[in-house]
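Novice: Compute the structure for the input listed below.
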Amino acid sequence: MVIPATSAPTEARIWQLLEEVSDPEVPVLSILDLGIVRGVAVEGDKITVTITPTYSGCPAMNTIATDIRLRLLAEGYTHLTIHNQLSPAWTTDWMSQAGREKLEAYGIAPPVDGTATGHMLNLFGKDTAVRCPICKSEHTHLVSQFGSTACKAHYQCDDCLEPFDYFKCHN
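Specialist: Predicted coordinates for the structure are as follows:
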């Protein structure tokens with residue numbers, strides 16, 4: 001049974017509630033940390049939340065849409081539309097700094113701007129490395145482009161020898 005909302009929805013309140021919706025693949029991140037929520041519109045009691053997948057065909061998007069719906073229904077908001085927007089395509093530039101820090105604390109290397117595959121020359125001609133989230137060494141190497149999910153690659157640290165996931169950069 002849905003409890004009727006105690007107040008009319010506001011954009012600020014909906015954004016606040018969306019901060020509580022976790023990514024099902026990386027539960028330490030909210031969907032706001034990931035930057036997949038592209039907009040919230042409130043017209044009277046009607047709420048539209050626009051989301052963009054990290055990958056076209058991302059299997060988590062149905063779960064995320066359901067989790068958004070459940071969180072808002074729990075507040076009594078019943079007139080909901082979840083809109084999937086594919087363009088512009090999601091980019092790791094949309095991730096929050098807090099989200100990047102949460103990833104690293106969780107043991108997943110956050111995306112490194114300018115590299116999707118590991119050590120590459122950045123815009124200034126310097127080598128850009130994926131930093132180990134465990135010992136913070138930049139002496140790491142790519143083991144596989146394919147990690148535990150499509151958005152991650154598998155790396156290993158050359159110093160502490162620990163394997164870890166790297167959240168791939170998408171520009």
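Novice: ok, which stretches of this protein are helices?
Specialist: 11-18, 31-34, 61-74, 97-106 (DSSP state H).
Novice: who's in contact with the residue most central in space within the chain?
Specialist: Centroid-nearest residue in the chain: Leu34, 2.5 Å away (criterion: C-alpha atoms, centre = their mean). Shown in contact with Leu34 (C-beta atoms under 8 Å, 6 or more residues apart in numbering): 23, 54, 94-95, 99. Every residue, glycine included, has its C-beta placed from N, CA and C.
Novice: coming back round to it: deepest in the core, which of the helices of the chain is it.
Specialist: Counting by mean count of other C-beta atoms under 10 Å, helix 31-34 has the highest mean neighbour count of those, with a mean of 23.
Novice: send the alpha carbons of it over as CSV?
Specialist: Once non-C-alpha atoms are left out, helix 31-34 reads as follows in CSV (Å, rounded to 0.1, in the frame of the first residue of the first chain):
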residue,chain,number,x,y,z
ILE,A,31,22.9,7.3,-9.1
LEU,A,32,23.8,11.0,-8.6
ASP,A,33,27.4,10.1,-7.9
LEU,A,34,27.4,8.3,-11.2
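Novice: what distance separates it from the centre of its chain?
Specialist: A distance of 5 Å separates the C-alpha centroid of helix 31-34 from that of its chain, computed with C-alpha atoms, centre = their mean, to the nearest Å.
Novice: ok, back up a step: could you export the contacts of Leu34 as TSV, including pLDDT and distance to Phe164?
Specialist: Output for these, formatted as TSV (pLDDT from 0 to 100; distance: C-beta to C-beta, whole Å):
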residue	pLDDT	distance to Phe164
Asp23	94	18
Thr54	88	19
Trp94	93	23
Met95	94	18
Gly99	96	17
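Novice: Report the two of these separated the most.
Specialist: Asp23 and Trp94 (13.1 Å; C-beta to C-beta).
Novice: out of those two, which sits in the more crowded spot?
Specialist: Shown here are Asp23 and Trp94; by other C-beta atoms under 10 Å, Asp23 has more neighbours (21 against 17).
Novice: ok, the closest residue to Cys151 other than its chain neighbours - contacts?
Specialist: Spatial nearest neighbour of Cys151, excluding adjacent residues (C-beta to C-beta, 6 or more residues apart in numbering): Thr54 at 5.3 Å. With contact taken as C-beta under 8 Å, 6+ apart, Thr54 is in contact with 34, 36, 60, 90, 151, 170.
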